[in-house]
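In: using only what follows, build the 3D model:
(one chain, ligands or ions: 1)
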Amino acid sequence: MLAPRSNESSIISVKVSGRKSAGLPVYKRSLKAFHARKKSIDLAIRSRAKCISLMQALATRENPPIERLKITAIGTTLRTKMEQTGKRLSCFAQALNIPFSFNTIMPAFKTRFKKQQFCRNWLHSGIKMQAKITVTETWLRKHRHLYDGATRHPFIRSIRDGNIDISAFKTWLGQDYIFVRAFVPFVASVLTKAYKGSDDGNGDVEVILGGVAALHDEISWFKKEAFKWGVQLSDIVPQKANQEYCRFLESLISPEVEYTVAAVAFWAIETIYQESFAHCLEDDSKTPPELKETCQRWGNESFGEYCNSLRNIVDRQLEKGSDDVITKAEATLLRVLEHEVDFWNMSHGRT
Ligand SMILES: Cc1ncc(CN)c(N)n1
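Out: You can find the predicted model right below:
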């Protein structure tokens, strides 16, 4: 244990995960350690509420002053949820005048066992583990603006705020049905590429096969939903943005397109819907009850886990990809983001 001199301030580092911390409430333990002038404290904490209690307690302390509160959240599924927590905590820290930083770590695991093992070690060992920034993480940071444009589009915001124009929703429903039909051969081609192109010790084929299987159910859902809303699917003519997006998918089916490049497109297409619709299900959302089922379809947690599995596949592939493949894959991600924005614009009646 390091004991700083009395005029030295301390950095408190708190680890957050879904696991319950044992014994004393976390903030009491943190403060105890703070009094004991430990330089750094690693604790597992369960909820945002506990972080808030800790901040309140720290804010009222004068001696020694807090230099910086650093919270690192480890998660294995919903990155957006962790980021939201980070934003809220950051606002709160600002209000209390506590210098604050928040990081998230989303490590990839081959098996559930490895994940549990990591969480156990991370929470209890006190060993600081360096999070490795993956290629997808780098891209999402670099293209944050475009990514947010695709996942927080005014169309999605209008669902979330409860003021969606139902005719726009019906447009989206009909057009997306056509898109999903074109998506089927694309996903099947990714499956073929995975079968041929990966060593598959990691189960890529199984994950992608799950995606192919789910599309059957998805198409049935569109038919049921169209009936409910009085949308005649046989009358739908694909609009320009949809045609272009479907043409883009078709171009990725070509055997010349590498598995890594096609897998990046697949991951991005699924994840954009996951993050968009999950946004409409957050606690403070005013999504109309009749649209909740639609949002659940892509915004649910298990779809989030599936997207995360796709992301792990992509990161593993990128890790061993040539510079040329990585460049093409990044360009493909950007194309997907642009097509998604165009698709929302089209649904929103902006084209
Ligand atoms: C346009 C679009 N993008 C993504 C998804 C999710 N598969 C979708 N159904 N439609």
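In: pull the longest helix from this protein.
Out: Secondary structure of the chain per DSSP state H: the longest helix is helix 166-197.
In: burial count for residue 328?
Out: Around residue 328 sit 17 other residues, with neighbours defined as other CB atoms under 10 Å. Quick note: C-beta positions are derived from backbone N, CA and C, even for glycine.
In: who's in contact with it?
Out: 258, 261 (CB atoms under 8 Å, 6 or more residues apart in numbering).
In: so where does it fall, helix or strand?
Out: In this assignment (DSSP states H and E), residue 328 forms part of helix 323-347.
In: that older thread, near the ligand at all, the longest helix of the chain?
Out: Yes. For helix 166-197 and the ligand, the contact criterion (CB under 6 Å from any ligand atom) is met by 176, 179-180, 183.
In: please, where are all the helices along the stretch 101-250 of the chain?
Out: 112-125, 135-142, 144-151, 154-160, 166-197, 204-229, 240-253 (DSSP state H, counting those that start in this stretch).
In: so of these, which one's packed in deepest?
Out: helix 154-160 (a mean of 20; mean count of other CB atoms under 10 Å).
In: show me the contact partners of that one.
Out: If you take CB under 8 Å, 6+ apart as the criterion, helix 154-160 is touched by 164-165, 168-169, 172, 276-277, 279-280, 282, 285-288, 291, 295, 344-345, 347-348.
In: which of those residues count as buried?
Out: 164, 168-169, 172, 276-277, 279-280, 285, 287, 291, 295, 344, 347-348 (16 or more other CB atoms under 10 Å).
In: and of those, the nearest to residue 100?
Out: residue 279 (24.0 Å; CB to CB).
In: which ones are touching the closest one?
Out: 80, 151-152, 156, 160, 285, 299.
In: mind running it again at 6 Å?
Out: Contact analysis of residue 279 by CB atoms under 6 Å, 6 or more residues apart in numbering lists residue 160.
In: and if you look at residue 340?
Out: 150, 272.
In: repeat the analysis, applying 8 Å as the threshold.
Out: In this structure, residue 340 makes contact with 150, 269, 272, judged by CB under 8 Å, 6+ apart.
In: between the residues you listed, which is closest to the ligand?
Out: Nearest to the ligand out of these is residue 269 (CB to the nearest ligand atom; 4.5 Å).
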